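Participant: Generate coordinates for the sequence data below:
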Amino acid sequence: MLIAFFGAEGIIRKEFVSTGQTVNGVFYAAVIRRLKDRVRRVRAELKDGWVLHHDNVPVHNCFAVTEILTRNNIATLPQPPCSPELAPSDFFCSPG
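Facilitator: All right, here's what the predicted structure looks like:
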């Protein structure tokens with residue numbers, strides 16, 4: 001599985017999830033920490049003003065993830081319920 005984070009200018013960070021790895025709150029919180037560090041390194045102009053768009057996967061709203069987002073002042077843009085057609089990855093990650 002691939003977890004990808006991207007902005008208008010392309011992919012900012014990607015992580016491959018090992019076979020058998022469960023993507024739980026602790027795992028995803030660690031991914032968010034690495035993403036935060038990456039944004040600071042490669043997109044310094046965004047370090048204090050970026051928004052993370054999540055879909056409705058339950059792990060995105062668990063305590064460990066919410067805590068890391070809150071502690072680091074990372075704003076989130078929630079996905080409306082039952083709206084898979086609003087996934088930006090459908091438009092930015094696929095050609096044509």
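Participant: which residues does the closest residue in space to G7 that isn't next to it in sequence contact?
Facilitator: Here the nearest residue to G7 in space, its sequence neighbours aside, is R43; by Cβ to Cβ, 6 or more residues apart in numbering that works out to 7.1 Å. Quick note: C-beta positions are derived from backbone N, CA and C, even for glycine. Taking Cβ atoms under 8 Å, 6 or more residues apart in numbering as the criterion, R43 is in contact with 7, 12, 50.
Participant: Equivalent analysis for I12, please.
Facilitator: If you count contacts by Cβ under 8 Å, 6+ apart, then I12 has 5-6, 35, 38-39, 42-43 around it.
Participant: Now, these that are in helices?
Facilitator: Among the contacts of I12, the subset assigned to helices under DSSP state H consists of 35, 38-39, 42.
Participant: Buried only: go through the residues you listed for me.
Facilitator: Buried subset of the ones in helices among the contacts of I12 (neighbour count, 16 or more other Cβ atoms under 10 Å): 35, 39.
Participant: And the ones in helices among the contacts of I12, which two are furthest apart?
Facilitator: Using Cβ to Cβ, these span at most 10.8 Å, a distance reached by L35 and V42.
Participant: from the ones in helices among the contacts of I12, which has minimum pLDDT?
Facilitator: When the ones in helices among the contacts of I12 are sorted by pLDDT, the bottom entry is V42 at 86.
Participant: possible to save the contacts of I12 as a markdown table with distance to F16?
Facilitator: As requested, those are arranged in a markdown table below (distance: Cβ to Cβ, whole Å):
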| residue | distance to F16 |
| --- | --- |
| F5 | 13 |
| F6 | 15 |
| L35 | 14 |
| R38 | 15 |
| V39 | 19 |
| V42 | 19 |
| R43 | 21 |
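Participant: Do me a favour and average the pLDDT over stretch 76-92.
Facilitator: The average of the pLDDT scores along stretch 76-92 is 65.
Participant: err, stretch 10-19, not the other one
Facilitator: Per-residue pLDDT over stretch 10-19 has a mean of 90.
Participant: Check stretch 23-34 too.
Facilitator: Across stretch 23-34, pLDDT averages out at 93.
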